[in-house]
Each structure stands twice: as C-alpha cells, then as structure tokens.
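> here are the coordinates; sequence isn't available:
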C-alpha cells in the first residue's frame with residue numbers, strides 16, 4: 001500500500017516549526033515568507049535560519065532581487081500549484097535540495 005494522497009498546500013511530517021519570517025531587503029522593502037518552507041528549500045537556508053539572529057524573525061537578504069525572491073516563494077508554495085503536479089515523490093525532492 002502506497003502513501004496517502006498529498007494534501008494540497010500541506011507537507012506532512014514537517015520537522016520545522018510553522019513561523020512567519022520577514023525577508024528584509026537593503027532598499028528597505030520587506031517580504032513575508034513561511035520559515036519552514038524556506039528551511040526545507042535548501043540546506044544553506046536551513047543553516048542560516050538556524051543561527052542566532054540579532055533580529056529574530058528577520059532574514060536580511062541585502063541586495064538580492066525582491067522579484068527573484070517573490071518568484072521563489074511562489075514556486076515553493078505547493079498550494080499555488082495544481083494537485084496533479086504535487087506528488088509524494090516531488091515533495092520528497094524538495095527536502096533533498
């Protein structure tokens with residue numbers, strides 16, 4: 001018997017807390033993001049977000065492009081994609097990045 005069907009917008013078995021994070025750009029703009037989603041996106045982000053911060057809940061992204069971060073956040077938000085594109089196999093791939 002295979003795994004249960006994927007639930008749209010929910011990753012089961014998450015080992016990361018559900019927190020909101022503010023991405024702070026050098027220009028002064030900010031963008032909200034789900035911390036657990038970013039932590040699952042890459043080891044580098046997971047390591048960076050696990051460190052003590054002088055501003056808890058804020059990730060300083062400096063000169064990074066706000067448009068690029070917006071695009072990444074849309075790609076990482078599984079609820080933004082049709083259900084037939086989201087499978088347990090593809091969800092598992094996100095954790096390996």
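Noted; the coordinates are in hand. Being a predicted model, the structure only gives us computed values, none of them experimental.

> okay, and for this structure, where does confidence drop off?
Residues of the chain meeting the criterion pLDDT under 70: 1-18, 80, 86-97.

> Okay, strands next: where are they in it?
Along the chain, the stretches classed as strands by DSSP state E are 20-25, 30-34, 58-62.

> now the second one against strand 58-62, angle please.
Interaxial angle, strand 30-34 versus strand 58-62 (axes from the mean of the first three to the mean of the last three CA atoms, to 10 degrees): 130 degrees.

> Direction included, what does strand 30-34 pair up with?
strand 20-25 (antiparallel) (DSSP bridges).

> What residues sit buried inside the strand it pairs with?
Residues 21, 23, 24, 25 are the ones in strand 20-25 that count as buried (16 or more other CB atoms under 10 Å). For glycine as for every other residue, the C-beta is placed from the backbone atoms N, C-alpha and C.

> Now do the helices in this structure.
35-41, 43-50, 66-76, 88-96 (DSSP state H).

> Output the ones you listed as CSV; include the columns distance to residue 29 and mean neighbour count.
As requested, the helices of the chain are exported to CSV (distance: least, CB to CB, whole Å; neighbours: other CB atoms under 10 Å):
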stretch, distance to residue 29, mean neighbour count
helix 35-41, 17, 20
helix 43-50, 19, 13
helix 66-76, 6, 13
helix 88-96, 26, 12
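
> which one of those helices lies closest to residue 57?
Across these, residue 57 has its closest neighbour in helix 35-41 (8.1 Å, CB to CB).

> helices or strands next to the closest one in the packing?
strand 20-25, helix 43-50, helix 66-76, helix 88-96 (3 or more CB pairs under 8 Å, 6 or more residues apart in numbering; DSSP states H and E).

> Now do the shortest one against helix 43-50, angle only.
On the basis of the same axes, to 10 degrees, strand 20-25 is oriented at 110 degrees to helix 43-50.

> Check the longest one too.
Using the same axes, to 10 degrees, one finds that helix 66-76 and helix 43-50 are set 100 degrees apart in direction.

> other SSEs contacting helix 66-76?
By 3+ CB pairs under 8 Å, 6+ apart, helix 66-76 packs against strand 30-34, helix 35-41.

> Tell me which of these lies nearest to residue 84.
helix 35-41 (20.8 Å).
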